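Asker: how would this look folded up:
(one chain, ligands or ions: 1)
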Amino acid sequence: MVSVHKYTVEENLPHKFGEYVLQRQEDALEKAKVFNVAISGGSLINVLEEALIDDSTIAPKIKWNKWNVYFVDERIVPLDHKDSNYCAFKETVLDKLDVLPKVYPIDDSLVDAGAEAYKEIATDYEEVLPTKLDLLLLGCGPDGHTCSLFPGDHHKYLINEKTERVLWCHDSPKPPSDRITITLPVMKDAEAICFVSMGSSKQDAMRHIFDLKDTAMPSALVNELFGSKVSWFVDDKAFETVTSKY
Ligand SMILES: O=C(O)[C@H](O)[C@@H](O)[C@H](O)[C@H](O)COP(=O)(O)O
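Answerer: Next comes the predicted model:
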């Protein structure tokens, strides 16, 4: 069963999320010297800023020098492009830190080289990713996608992948069209998975995921497959139409 943490604006979701991340950091550092985290793009990056930088009780406890940061998905664009998840993370988080984590972006030297090279970007990133990540921090799109695992027959190859850990996602319904994404085997091996979903644009997806358990939506499939290690941080707007109890 997944854990759902639901908050109103007054209850300060970013702070609660920050406490959760802090706990995962402490758990990981009890066992190892580094904390291996993979993050998505989108609004999650702003929540990271609010939780881990702006929150004055959480910020001093974050041991950035022990963090290794990877990306659960990345758009195939130069790293300084506005669409790059790395670029968003750099501008929103890294540029505001005095002590930096180690960050592992994609190799962007091949972004203009076409399809064969895109496969290579994915394969190369698979080499970079540790086998077991301590924490995956995920978003969920209004269509139920997570990472760049999109719903629908055209993108079934991503969800069906059993061996390769990073794939090239082409014809993405959300631009830009070419991306890389982690696959379910990476999620299977991860210690913990955490989604953040906020705002009324997520209502329909939340109803499909939590009430209808519609596993055609990749985020619902993640719940079904890996439930006990999955946490959701949601606000009351996103969950307004969900009737199931958690
Ligand atoms: O590369 C991407 O497009 C993002 O990583 C994407 O997968 C994002 O996580 C979700 O779309 C949720 O984004 P929002 O929280 O901004 O809606």
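Asker: with the ligand in mind, check whether the helix or strand hosting residue 125 reaches it.
Answerer: Residue 125 is part of helix 115-128, with elements assigned from DSSP states H and E. No: in terms of Cβ under 6 Å from any ligand atom, no part of helix 115-128 sits within range of the ligand; the closest distance is 13.9 Å. Placement of C-beta: from N, CA and C, glycine included.
Asker: mind listing what's buried in the longest helix seen in the chain?
Answerer: Assignment by DSSP state H gives helix 13-31 as the longest helix of the chain. If you call a residue buried by 16 or more other Cβ atoms under 10 Å, then helix 13-31 has these buried ones: 13, 14, 15, 17, 18, 19, 20, 21, 22, 24, 25, 28.
Asker: tell me the residues on the chain that lie near the ligand, please.
Answerer: Residues of the chain found near the ligand, taking Cβ under 6 Å from any ligand atom as the criterion, are 40-44, 73, 75, 85, 139-141, 145, 147-148, 174.
Asker: state the pair within the residues you listed that is farthest apart.
Answerer: 75 and 140 (17.5 Å; Cβ to Cβ).
Asker: which residues does the residue nearest the centre of the chain contact?
Answerer: Of all residues in the chain, the one closest to the mean position by Cα atoms, centre = their mean is residue 138, 2.5 Å from it. By Cβ atoms under 8 Å, 6 or more residues apart in numbering, the contact list for residue 138 reads 40, 44, 72, 146, 147, 193, 194, 195, 196, 219, 222.
Asker: rerun that using 10 Å as the cut-off
Answerer: Neighbouring residues of residue 138 by Cβ atoms under 10 Å, 6 or more residues apart in numbering: 38-40, 42, 44, 72-73, 146-147, 149, 182, 187, 193-197, 219, 222, 230, 232.
Asker: on that earlier part again, of the residues of the chain next to the ligand - the most surrounded one?
Answerer: Counting by other Cβ atoms under 10 Å, residue 147 has the largest number of neighbours within these, with 32 neighbours.
Asker: now name the helix or strand holding the spatially closest residue to residue 39 that is not a sequence neighbour.
Answerer: Distances taken as Cβ to Cβ, 6 or more residues apart in numbering place residue 137 nearest to residue 39, at 4.7 Å, with adjacent residues excluded. Following DSSP H and E, one finds residue 137 within strand 135-138.
Asker: pairing partners for that strand, with directions?
Answerer: Take DSSP bridges as the rule and strand 135-138 pairs in its sheet with strand 35-39 (parallel), strand 193-197 (parallel).
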